[in-house]
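1. fold the following.
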Amino acid sequence: MKQPANGGSSGAAALNSGEGGENVKIINPELWQACAGPLVNLPPAGTHVVYYPQGHSEQVAASMKKDVDAQIPNYPNLPSKLLCLLHNVTLPCRAGYLNSSITIYIDFYS
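-> Next comes the predicted model:
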């Protein structure tokens with residue numbers, strides 16, 4: 001697996017300050033991959049990815065256990081998909097659960 005550019009250390013985990021000032025463990029990429037399994041692949045920083053705003057809205061509504069049809073905002077002028085550039089990948093571990101956190105920017109030049 002290509003390792004994401006997350007600035008991780010060679011140790012098993014490092015503490016970073018997360019959202020709201022909480023301490024979040026950043027997991028070593030090899031350990032993260034071993035726990036996530038062979039079917040999980042994260043693209044490295046600098047890769048082009050496609051972002052689906054509608055799907056993101058549906059996931060947020062579902063994670064908040066809200067009625068999907070009533071809670072998803074409608075943006076008729078927003079494209080159904082946006083070509084983006086993956087800027088950063090971090091591998092946080094919160095409350096014992098593996099996560100991946102990515103930062104993307106819309107690629108206006110492609």
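
2. let me know the secondary structure of Ala34.
-> helix (DSSP: H, G, I helix; E, B strand; the rest coil).

3. okay, now the unreliable bits of the chain?
-> 1-23, 66-74, 110 (pLDDT under 70).

4. how about a cut-off of 80?
-> 1-25, 57-58, 60-76, 93-96, 110 (pLDDT under 80).

5. and the helices in it?
-> Counting by DSSP state H, the chain has helices at residues 29-36, 53-63, 68-71.

6. what's the longest strand in the protein?
-> strand 82-90 (DSSP state E).

7. okay, now the sheet partners of that strand, with direction.
-> Sheet pairing here is set by DSSP bridges, and for strand 82-90 it gives strand 48-51 (antiparallel), strand 101-106 (antiparallel).

8. tell me which residues are up against the shortest one.
-> Counting by Cβ atoms under 8 Å, 6 or more residues apart in numbering, the neighbours of strand 48-51 from elsewhere in the structure are 43, 81-86, 104, 106-107, 110. Where you see a C-beta, it was placed from the backbone N, CA and C, and this is true even at glycine.
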